[in-house]
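Asker: Kindly generate the corresponding structure for this input.
(one chain, ligands or ions: 1)
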Amino acid sequence: MPATDNLRSTTMPLNNGSAIPALGFGTLIPDPVATKAATKTALQAGFRLLDTAERYRTEREVGEAMREVFDRGTVKREDVFVITKLWNTNHRPQRVKPAFASSLERLQLDYVDLYLIHTPFAFQPGDEQDPRDASGAVIYDKSVTLLDTWRALEGLMDEGRCKAIGLSDVNLQQAKAIFDAARIKPAVVHVESHPYLPEWDLLNYCKRNGIVFQAFAALGHSSEPRLLDDPVVTAIAARVDKTPAQVLLAWAIQRGSALLTTSKTPARIKENFDVSAIPDDAVREITEGVKSRVRFNAVVETGIPGFIPRGN
Ligand SMILES: NC(=O)c1ccc[n+]([C@@H]2O[C@H](COP(=O)([O-])OP(=O)(O)OC[C@H]3O[C@@H](n4cnc5c(N)ncnc54)[C@H](OP(=O)(O)O)[C@@H]3O)[C@@H](O)[C@H]2O)c1
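Answerer: Purely as a prediction, here's the structure:
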């Protein structure tokens, strides 16, 4: 059991000398009105980490929600850890700075706490976020490597407008390659992870190298097979008098991961912030007793986002 069982206030040290809240709120919500309302509710409930991306098309709503909450004076900009991401169509180094500046403008911010390369796949540059050929196949851009794009993010760090940089949707080999070559090492690796996809090798690599491992889809994205209905998880929830979601979020933090969860439902947003530690034997029971292995989002294989409906 951690020193404090109040996991919702847990932070993890970052390699830039600051810290990141372990419990984060994701804003991949298709409806813009719901995104703004959920972001405000999350901040009011106590979440102090917001995750968005150019590709989600939610930066503007997240920016408006933050502005309204900050203007009320109860939460300050510097109390919130804001993450956004560079999309695949902006991997060419000369496109990175303008893409980053547009994200800041939509967010109404003058810096972000963490800027991620959304996926390791470069797509044909341009305004079309989902470039396809006549047969419907994605058009990739072979002229740029992940390291070229990483160097451009290092340049942003030098200018001081993002406090940390990191990778998303990478495998262990890709994370290692960038870590070894980088002048500024990745602060965070952000990937799908939950008991059906524990990613122990990547988590342990991150721990050894001072990188924060941040899990998305911590509740399994409400996809089938439903992690929230897994019998190991529901039995522990009944035993420790918590909800299955609270058990899954506690498991993630107690094994040393940061995480992102999302909801557009106010009661669930509050439930998901109300996370406290579960007994060590319950952590072990999930680690050892959940045998299913499922990846819900195939973005790591193609760069095509699995949770964003086509046509968006
Ligand atoms: N880098 C990437 O490629 C990538 C990909 C995917 C996601 N992400 C990030 O990770 C964030 C989280 O991912 P995710 O959306 O898959 O998270 P998730 O928390 O695993 O799944 C969200 C789903 O779970 C439901 N839910 C939330 N809390 C619940 C609760 N207490 N009880 C029952 N159901 C609950 C939500 O329903 P309601 O909304 O209906 O309440 C929603 O359908 C995203 O918002 C995004 O910021 C990054």
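Asker: Tell me where the model's unsure across the chain.
Answerer: Scanning the chain for pLDDT under 70 picks out the ranges 1-5, 310-312.
Asker: can you pull out the strands in it?
Answerer: Using DSSP state E, the strands of the chain run over 11-13, 19-21, 23-26, 49-51, 81-86, 114-117, 165-168, 188-192, 212-216, 258-261.
Asker: Specify the stretch among those strands that is closest to Phe273.
Answerer: Closest to Phe273 of the strands of the chain is strand 23-26 (Cβ to Cβ; 6.9 Å). Where you see a C-beta, it was placed from the backbone N, CA and C, and this is true even at glycine.
Asker: which helices and strands sit right next to that closest one?
Answerer: Packing contacts for strand 23-26, counted by 3 or more Cβ pairs under 8 Å, 6 or more residues apart in numbering; DSSP states H and E, involve helix 32-45, strand 49-51, strand 258-261, helix 266-273.
Asker: on that earlier part again, with mean neighbour count as added columns, please give the strands of the chain in JSON lines.
Answerer: Compiled in JSON lines, these are given as follows (neighbours: other Cβ atoms under 10 Å):
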{"stretch": "strand 11-13", "mean neighbour count": "15"}
{"stretch": "strand 19-21", "mean neighbour count": "20"}
{"stretch": "strand 23-26", "mean neighbour count": "26"}
{"stretch": "strand 49-51", "mean neighbour count": "25"}
{"stretch": "strand 81-86", "mean neighbour count": "26"}
{"stretch": "strand 114-117", "mean neighbour count": "27"}
{"stretch": "strand 165-168", "mean neighbour count": "26"}
{"stretch": "strand 188-192", "mean neighbour count": "26"}
{"stretch": "strand 212-216", "mean neighbour count": "26"}
{"stretch": "strand 258-261", "mean neighbour count": "25"}
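Asker: now for those, which one comes closest to the ligand?
Answerer: Nearest to the ligand among the strands of the chain is strand 23-26 (2.2 Å), distances taken as Cβ to the nearest ligand atom.
Asker: Switch the helices and strands packed on strand 23-26 over to CSV; also include distance to Val212.
Answerer: What follows is the helices and strands packed on strand 23-26, written out as CSV (distance: least, Cβ to Cβ, whole Å):
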stretch, distance to Val212
helix 32-45, 20
strand 49-51, 11
strand 258-261, 5
helix 266-273, 19
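Asker: Distance to the ligand for these - can I get that in TSV?
Answerer: TSV is the format used below for the helices and strands packed on strand 23-26 (distance: least, Cβ to the nearest ligand atom, whole Å):
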stretch	distance to the ligand
helix 32-45	8
strand 49-51	4
strand 258-261	4
helix 266-273	4
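Asker: so which of these gets nearest Asn90?
Answerer: Within the helices and strands packed on strand 23-26, the stretch nearest Asn90 is strand 49-51; the backing value is 18.1 Å (Cβ to Cβ).
Asker: residues making contact with the closest one?
Answerer: Strand 49-51 has contacts (Cβ atoms under 8 Å, 6 or more residues apart in numbering) with 20-21, 23-27, 39, 42-43, 62, 66, 80-84, 190, 216, 260.
Asker: Residues of the stretch 1-150 of the chain that sit close to the ligand?
Answerer: Residues of the stretch 1-150 of the chain lying near the ligand by Cβ under 6 Å from any ligand atom: Gly26, Thr27, Leu28, Asp51, His118.
Asker: hmm, back to that, can you redo the strands of the chain as TSV with distance to Arg92?
Answerer: Formatted as TSV, those follow (distance: least, Cβ to Cβ, whole Å):
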stretch	distance to Arg92
strand 11-13	32
strand 19-21	29
strand 23-26	27
strand 49-51	24
strand 81-86	11
strand 114-117	12
strand 165-168	17
strand 188-192	22
strand 212-216	26
strand 258-261	28
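Asker: closest to Ile236 out of these?
Answerer: Closest approach to Ile236 among the strands of the chain is made by strand 258-261 (17.3 Å; Cβ to Cβ).
Asker: From the contact counts, what lies against that closest one?
Answerer: Counting contacts by 3+ Cβ pairs under 8 Å, 6+ apart, strand 258-261 packs against strand 23-26, strand 212-216, helix 244-254.
Asker: Mind putting those into a markdown table with distance to Ala99?
Answerer: Below are the helices and strands packed on strand 258-261 laid out as a markdown table (distance: least, Cβ to Cβ, whole Å):
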| stretch | distance to Ala99 |
| --- | --- |
| strand 23-26 | 20 |
| strand 212-216 | 21 |
| helix 244-254 | 30 |
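Asker: among these, which is nearest Ile304?
Answerer: Ile304 sits nearest to strand 212-216 of all those, at 15.8 Å, using Cβ to Cβ.
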